[in-house]
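Give me a 3D structure for the following:
(chains A and B)
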Amino acid sequence: MLNQYETVFITTPVLSEAQMKEAVEKFKGIITDNGGEIVHEENWGLKKLAYPIQKKSTGFYYLIEFKAPGNLIDKLETQYRRDERVLRFLTFRMEKHAVEYAQKKRTKLEQQKKEE
Amino acid sequence: MGQNQSEIRYLTPPTVDIKKKKYCRFKKNKIKYIDYKDPEFLKKFLNEQGRILPRRLTGTSLKYQRKVATAVKRARHLAILPFVTDLMK
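Here you go, the predicted structure:
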């Protein structure tokens, strides 16, 4: 059975844009190679952290929503832990209200784009 | 003595404050999912040090208080909200 998950990770601010893209591609690759399906992704860009992590006060945020079997999460998280570029990550299963909320938000954004 | 007590007069009449009934804002507005990505919204449920306010102050129902708590904790983990601060608002 496929569950819908949401994962956010924070990478170090020292990365160049190309390096950041490469990191994103790597994690997206891990998801798609293991039978996952990417639903949505969002780049939040460089954001200020509320408290320092590994002596850094900013970080690149990236969000991926995906559908995947449960055993993928372990693999993804070990990869997060091994990667030195990742400061923090959070993965959780989206319950039905969360899925609904995310979809609504997305359609709203699309409408805004159309209006512009 | 008993007579004296009954003769106490207040300069300003004591105000009997009418309790405003607290309500759960999630139930009232039919919010089903609490987004951890929105720090401004979550700050309504935190005090100035960044601690989660109890239900008895915010009036949130138990079901949504639990959801508020997980949302705040997720936000803290991702450094969207601080664990502790002074004068957040």
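
Provide a list of residues in contact with residue A:76.
A:7, A:27, A:30, A:31, A:34, A:91 (Cβ atoms under 8 Å, 6 or more residues apart in numbering or on different chains). Glycine gets a C-beta too; all of them are placed from N, C-alpha and C.

Leaving out the residues flanking it, which one is nearest to the fifth one?
To tie it back to what came earlier, the one meant is residue A:34. residue A:72 (4.5 Å; Cβ to Cβ, 6 or more residues apart in numbering or on different chains).

State whether residue A:105 is indeed within a helix.
Yes. Counting by DSSP: H, G, I helix; E, B strand; the rest coil, residue A:105 is located in a helix.

pLDDT of whichever helix or strand the residue nearest to residue A:34 is part of, averaged?
For residue A:72, the element it lies in under DSSP states H and E is helix A:71-82. In this model, helix A:71-82 carries a mean pLDDT of 91.

Show me which positions of that helix end up buried.
If you call a residue buried by 16 or more other Cβ atoms under 10 Å in any protein chain shown, then helix A:71-82 has these buried ones: A:72, A:73, A:76, A:80.

Also stretch A:7-21?
So stretch A:7-21, judged by 16+ other Cβ under 10 Å, has buried residues A:7, A:8, A:9, A:10, A:11, A:12, A:13, A:15, A:20.

just these now: which is nearest chain B?
residue A:8 (5.9 Å; Cβ to the nearest Cβ).

Which elements pack onto the helix or strand where the closest one lies?
Using DSSP H and E, residue A:8 sits in strand A:3-11. Under the contact definition 3 or more Cβ pairs under 8 Å, 6 or more residues apart in numbering or on different chains; DSSP states H and E, strand A:3-11 sits against helix A:17-33, strand A:37-53, strand A:56-68, helix A:71-82, strand A:86-93, helix A:96-115.

rewinding a little: okay, the residue nearest to residue A:34 and residue B:13: tell me how far apart.
Residue A:72 sits 69 Å away from residue B:13, taking Cβ to Cβ, to the nearest Å as the criterion.

got the residues of chain B near chain A?
B:32, B:33, B:35, B:74, B:76, B:77, B:78, B:79, B:80, B:81, B:82, B:83 (Cβ under 8 Å from any Cβ of the partner chain).

Just the residues contacting the longest helix anywhere in chain B, thanks.
Ranked by residue count under DSSP state H, the longest helix found in chain B is helix B:62-77. Residues from elsewhere that reach helix B:62-77 (Cβ under 8 Å, 6+ apart): A:50, A:88, A:90, A:92, B:24, B:26-27, B:31, B:33-37, B:39, B:42, B:45-46, B:52, B:55, B:58, B:60, B:81-83.

and the spatially closest residue to residue A:94 that is not a sequence neighbour, how many neighbours?
Spatial nearest neighbour of residue A:94, excluding adjacent residues (Cβ to Cβ, 6+ apart): residue A:4 at 4.7 Å. The number of residues packed around residue A:4, counting by other Cβ atoms under 10 Å in any protein chain shown, is 17.
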